[in-house]
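Visitor: what would the 3D arrangement of this be:
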Amino acid sequence: MTELILIRHGETEWNVAELFRGQIDIALNETGVKQAELLAGYLSTSTIEAIYSSPLQRALKTAELIAIPHQLKVNVEPDLIDFNFGKWQGLSHREVKERYGDLYARWINHPERVKMPDGETLDEVRRRTARVIDKVIKKHMGTVVIVGHRVVNKVIICALLGLDNSHFWKVRQDTGGISIFARQNEQFILTRHNDTSFLTPPARAQMSDF
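Guide: Residues are numbered from 1 along each chain as shown. Take a look at the predicted model:
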């Protein structure tokens with residue numbers, strides 16, 4: 001039985017400021033590093049076969065700290081990179097609402113219908129992350145850690161549950177959060193979702209889905 005531990009990276013200053021990050025390579029802040037260290041401690045007694053990560057440093061640093069107790073090398077997967085928000089990247093919520101009001105409203109109400117200006121669609125994220133999941137389940141039989149990003153992980157969770165991308169906003173994963181899937185009889189079963197119980201204060205600066 002393959003078990004997937006899907007993890008969102010630790011906090012960054014852009015999470016706190018609610019700036020759209022996308023594929024801009026932002027580092028963990030002090031709280032984010034602490035979250036990653038707590039994650040590493042929490043998972044240190046688990047038997048982990050492999051660890052995969054987005055190439056962006058906020059995810060990769062989180063993955064590397066988790067890998068240390070297990071003496072594992074992190075497998076960097078380009079297809080796990082964060083959602084390409086295109087021209088929204090680096091902008092605040094307020095700026096996006098002012099400049100892209102209609103598109104922002106569609107993103108909130110029908111994210112599955114949005115093509116970001118100079119960026120991606122959620123369907124494109126779904127296709128590229130499916131390649132990673134297929135690779136993992138073909139290669140591994142034990143527990144595998146995947147460290148990614150908010151949008152990417154939400155898309156993966158919807159896909160594994162058999163939900164289309166219109167359900168995107170019905171799923172939440174906080175910074176440092178863990179969601180676990182067990183693969184049984186060729187289907188994925190969600191056994192735990194958005195667990196942050198191990199993140200002793202300071203856990204994160206804010207609780208919004210950003």
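Visitor: and S179, how many neighbours does it have?
Guide: 24 (other CB atoms under 10 Å). All C-beta spots, glycine's among them, are computed from the backbone N, C-alpha and C.
Visitor: following the helix or strand harbouring it, which helix or strand comes up?
Guide: In the assignment (DSSP states H and E), S179 maps to strand 178-184. Downstream of strand 178-184, the first helix or strand assigned by DSSP H and E is strand 187-195.
Visitor: list the buried ones in the longest helix belonging to the chain?
Guide: Assignment by DSSP state H gives helix 122-139 as the longest helix of the chain. For helix 122-139, a neighbour-count test (16 or more other CB atoms under 10 Å) marks L122, V125, R126, R128, T129, V132, I133, V136 as buried.
Visitor: ok, the one residue sitting closest to the centre of the chain to T12 distance?
Guide: Closest to where the C-alpha atoms of the chain average out (CA atoms, centre = their mean) is H149, at 2.6 Å. In this view, H149 and T12 are 11 Å apart by CB to CB, to the nearest Å.
Visitor: what touches both of the two?
Guide: Shared contacts of H149 and T12, defined by CB atoms under 8 Å, 6 or more residues apart in numbering, comprise R21, R58.
Visitor: measure the closest residue to I81 other than its chain neighbours to K154 for me?
Guide: Among residues not flanking I81 along the chain, S54 sits closest, at 5.1 Å (CB to CB, 6 or more residues apart in numbering). Relative to K154, S54 is positioned 14 Å away (CB to CB).
Visitor: wait, D195 sits on G177?
Guide: Yes. With contact defined as CB atoms under 8 Å, D195 and G177 form a contacting pair (6.5 Å).
Visitor: tell me which of these two has more neighbours.
Guide: Using other CB under 10 Å as the criterion, D195 and G177 rank with G177 on top: 22 against 17.
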